[in-house]
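A.B. asks: sharing a sequence plus its predicted fold:
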Amino acid sequence: MFRIRGQGPLIGWANAYTILTGITSPTDVHPQWSAWLLSLIGWAAMPAIIGAGAGYVITEQIQAHHARELDDVLDELRRLAEPPAPPPPSGGDS
């Protein structure tokens, strides 16, 4: 018969989740060695996963801005710095 291995069957999947995310203390669950192992993994892995996601998003944004040529950026800035064109003269007397 197929048996799932890991921390979930030892302490329960709900307990494993709450310990991994830091909601529950490992001292509140038995066996404690299993809970402490999950707690350490959650303490080290969760910030790494979140940091990797943030780093990916920031890198994509930086690369998107670097993809534009400098001349294109300067032309756009010059165009934006020019004063607006005067309005066209009115076409008739009232």
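C.D. replies: Structure received. As the structure is a prediction and not an experimental result, all values here were calculated from the model. Residues are numbered from 1 along each chain as shown.
A.B. asks: show the residue spans covered by the helices in the chain.
C.D. replies: Under the criterion DSSP state H, the chain contains helices at 8-11, 13-20, 32-66, 70-81.
A.B. asks: find the one among these with the highest mean neighbour count.
C.D. replies: helix 13-20 (a mean of 18; mean count of other Cβ atoms under 10 Å). Glycine gets a C-beta too; all of them are placed from N, C-alpha and C.
A.B. asks: now it, how far from the centre of its chain.
C.D. replies: In terms of Cα atoms, centre = their mean, to the nearest Å, the centre of helix 13-20 is found 23 Å from the chain centre.
A.B. asks: what angle separates that helix from helix 32-66?
C.D. replies: Using axes from the mean of the first three to the mean of the last three Cα atoms, to 10 degrees, the direction of helix 13-20 lies 60 degrees away from that of helix 32-66.
A.B. asks: average pLDDT for helix 13-20?
C.D. replies: Mean pLDDT, computed over helix 13-20, is 84.
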